[in-house]
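Engineer: Next comes the sequence, and after it the predicted model I'd like to discuss.
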Amino acid sequence: AQSVTQLGSHVSVSEGALVLLRCNYSSSVPPYLFWYVQYPNQGLQLLLKYTSAATLVKGINGFEAEFKKSETSFHLTKPSAHMSDAAEYFCAVSEGGAAGNKLTFGGGTRVLVKP
Amino acid sequence: DTGVSQDPRHKITKRGQNVTFRCDPISEHNRLYWYRQTLGQGPEFLTYFQNEAQLEKSRLLSDRFSAERPKGSFSTLEIQRTEQGDSAMYLCASSSAGYNEQFFGPGTRLTVL
């Protein structure tokens, strides 16, 4: 069975500071990993995905994430926070194949950006 | 707009009533997923279709819930005899077989009074 743990349900950063959101996963097979962002009362938008190619993945809006198999981690970073980054972020894992790519999500991390 | 659409966006109902939600996936996508998201939590998988076949259902999907995808196009999710615990955001997503990226709709927020 697959699972995802996001450390920290809330993160507060200053505008211009580094954003670091932590995600650890468990999976019985090589996983596919995703980060999604959700703005209030909206659906989820894909930021980036890891699908067994490069371990450092670049996404939209300046975000990137690094897959570390030995640590079973897929942390999300952005060098310089912008006010528009205030949202909730979800890490998700999929095992693909016969499981039909269903996603298992972490509990989410809400990001607050201070001016 | 050719994204995933959901209707209605908001639904308020009284306990015991039946409700039905609709999802229209991206037209060329043959996989369709339903998730439920309660306040402060991540989305949880409910069920998924490949074309018109419902291939997996979560244990979260009690007997009061039923989903269909006639002709492999749009999908409906019906909840019978709603309970206050059904209050949540219901999200629909679609993808192409062989691709892992799921595209999400805006969701239907259900409030059961």
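Structural biologist: Noted; the coordinates are in hand. Computed from a predicted model, the values in this text were never measured in an experiment.

Engineer: Residue 16: neighbour count?
Structural biologist: I went with chain A, as the question did not name one. 11 (other Cβ atoms under 10 Å in any protein chain shown). All C-beta atoms are positioned from the backbone trio N, CA, C, and that covers glycine.

Engineer: look at chain B instead
Structural biologist: Residue B:16 has 10 nearby residues by other Cβ under 10 Å.

Engineer: Which strand or helix spans the nearest residue in space to it that is not next to it in sequence?
Structural biologist: In this structure, residue B:16 finds its nearest non-sequential neighbour in residue B:81, 5.6 Å apart by Cβ to Cβ, 6 or more residues apart in numbering or on different chains. According to DSSP states H and E, residue B:81 maps onto no helix or strand at all.

Engineer: in terms of contact, does residue B:81 touch residue B:13 like I think?
Structural biologist: No: judged on Cβ atoms under 8 Å, residue B:81 makes no contact with residue B:13 at a distance of 10.8 Å.

Engineer: give me the low-pLDDT residue ranges for chain A?
Structural biologist: Chain A contains residues with pLDDT under 70 at A:96-100.

Engineer: Residue in chain A with the shortest distance to chain B?
Structural biologist: residue A:105 (3.3 Å; Cβ to the nearest Cβ).

Engineer: Nearest residue to that residue in space, please, no chain neighbours.
Structural biologist: Distance criterion Cβ to Cβ, 6+ apart; nearest residue to residue A:105, sequence neighbours excluded, is residue B:42 at 3.3 Å.

Engineer: and the one you found, how far is that from residue B:80?
Structural biologist: As judged by Cβ to Cβ, to the nearest Å, residue B:42 and residue B:80 stand 26 Å apart.

Engineer: ok so, going back, which one's more surrounded, residue B:81 and residue B:13?
Structural biologist: residue B:13 (16 against 11).

Engineer: Could you give me the buried positions within stretch A:73-87?
Structural biologist: A:73-76, A:78, A:81, A:85-87 (16 or more other Cβ atoms under 10 Å in any protein chain shown).

Engineer: among these, which two are most distant?
Structural biologist: Taking Cβ to Cβ, the two most distant members of the buried residues of stretch A:73-87 are A:73 and A:86; they sit 23.9 Å apart.

Engineer: Quick check: beta-bridge partners of residue B:7?
Structural biologist: When bridges are taken as DSSP bridges, the partners of residue B:7 come out as residue B:22.

Engineer: Now do it: how many residues are near it, please.
Structural biologist: Neighbours of residue B:7 (other Cβ under 10 Å): 14.

Engineer: how about the strands of the chain, start to end?
Structural biologist: Picking chain A for this. A:3-7, A:10-14, A:19-26, A:32-38, A:44-50, A:56-58, A:64-68, A:73-78, A:87-94, A:104-105, A:109-114 (DSSP state E).

Engineer: ah, no, chain B please
Structural biologist: Going by DSSP E, chain B shows strands at B:5-7, B:10-13, B:19-24, B:31-37, B:44-50, B:53-57, B:65-68, B:75-79, B:88-95, B:103-104, B:108-112.
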